[in-house]
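Visitor: Give me the fold of what follows.
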Amino acid sequence: MNTPAPSQSGPQSGPQGRPRSGTLVARVAAALRADIVAGTVQPGDRLPSEGQLTQAHGVSRTVVREAIAALRSEGLVEARQGAGVFVLAPEPQAPPPFRNLDPQRISSTIELLELRTAVEVEAAGLAAQRHTPAGDEAILQANARFQACVADGEPTGDADYHLHLVIAEMTGNPRFGEFLQVIGPGIIPRRALRPDEAADPAPKGYLEQIRAEHDRIVAAILDSDEIAAREAMRVHLKGSQTRYRSLLRQ
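Guide: Numbers count the residues shown, from 1 in each chain. From the prediction side, this is the model:
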């Protein structure tokens, strides 16, 4: 006589037929969390009582208590002695990195230049160590594009950003390029402070100075001179810091 196989009907039963409370806890917690996120219950509202939640979800009081505990650990609710469980206001979210920079504030520009100096000086040295023929071609093209913009009186911000991005990519470490991409083209100070570069171009003499600094960085990288590459990048970015500190004092 064959014995019927035990039921495999789903996640409601576990070993020896006991309910899988973990699954039930997750289900109840998810339902309550969804109500909170959707605004069905607002901050300051009291959740239904244990008995009401037990009936509404068809589970035991133990399951309800564990689900509430999960929401408490997430900071969504709090239990108040003798009063019940109440929904909490969400914690204010910190702004994403580099998204609270004000490009119109010179102080923000200086903060960013200091950070760039810490990162890009090392990037220049690594680029000099690890450059490849393809990288050499890319940096020469990027530098030529910047020089052409200066010569033709065209906006230079995007070309400048692209040159620095190429140097970051020449390190062979993708994190350097990702760092510059997270911040975006706003890392170029004059681009941030002169949103309409075509109508408000930087002084020609200033752009010629930037062009000469770029030339020294590129030459050192192509010569595989990591010490000179680091120093050229340091001079370039430190010079920008000095210029913008002087502008801030004015």
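
Visitor: Tell me the spacing between the closest residue to Pro48 other than its chain neighbours and Leu47.
Guide: If the residues on either side of it in the chain are set aside, Pro48 comes closest to Ala56, at 6.8 Å by CB to CB, 6 or more residues apart in numbering. C-betas here are computed from N, CA, C, even on glycine. Distance, Ala56 to Leu47, using CB to CB, to the nearest Å: 11 Å.

Visitor: Between these two, tell me which one has more neighbours.
Guide: A count of neighbours by other CB atoms under 10 Å puts Leu47 above the other of Ala56 and Leu47, at 20 against 12.

Visitor: Phi and psi next, for the more buried one.
Guide: Dihedral pair for Leu47: phi -70, psi 160, per degrees, to the nearest 10.

Visitor: follow-up on the earlier one: wait, the residue nearest to Pro48 sits on Ser49?
Guide: No. Taking CB atoms under 8 Å as the definition, Ala56 is not a contact partner of Ser49, at 10.3 Å.

Visitor: Now for those two: what residues contact both?
Guide: When CB atoms under 8 Å, 6 or more residues apart in numbering defines a contact, no residue borders Ala56 and Ser49 alike.

Visitor: Next, give phi and psi for the residue nearest to Pro48.
Guide: According to degrees, to the nearest 10, Ala56 has phi -60, psi -30.

Visitor: Against Thr23, how distant is it?
Guide: Counting by CB to CB, the gap between Ala56 and Thr23 amounts to 17 Å.

Visitor: And for Leu112?
Guide: Following CB to CB, the distance that separates Leu112 from Thr23 is 49 Å.

Visitor: who has more neighbours, those two?
Guide: Leu112 (22 against 14).

Visitor: Is that one within a helix or a strand, and which one?
Guide: In this structure, Leu112 sits in helix 106-130 according to DSSP states H and E.

Visitor: Show the subsequent helix or strand relative to that helix.
Guide: Moving toward the C-terminus from helix 106-130, the next helix or strand (DSSP H and E) is helix 133-152.

Visitor: Would you mind pulling the contact partners of that next one?
Guide: Residues contacting helix 133-152 (CB under 8 Å, 6+ apart): 127, 131, 154-156, 159-160, 162-163, 166-167, 169-170, 204, 207-208, 210-211, 214-215, 218, 221-222.
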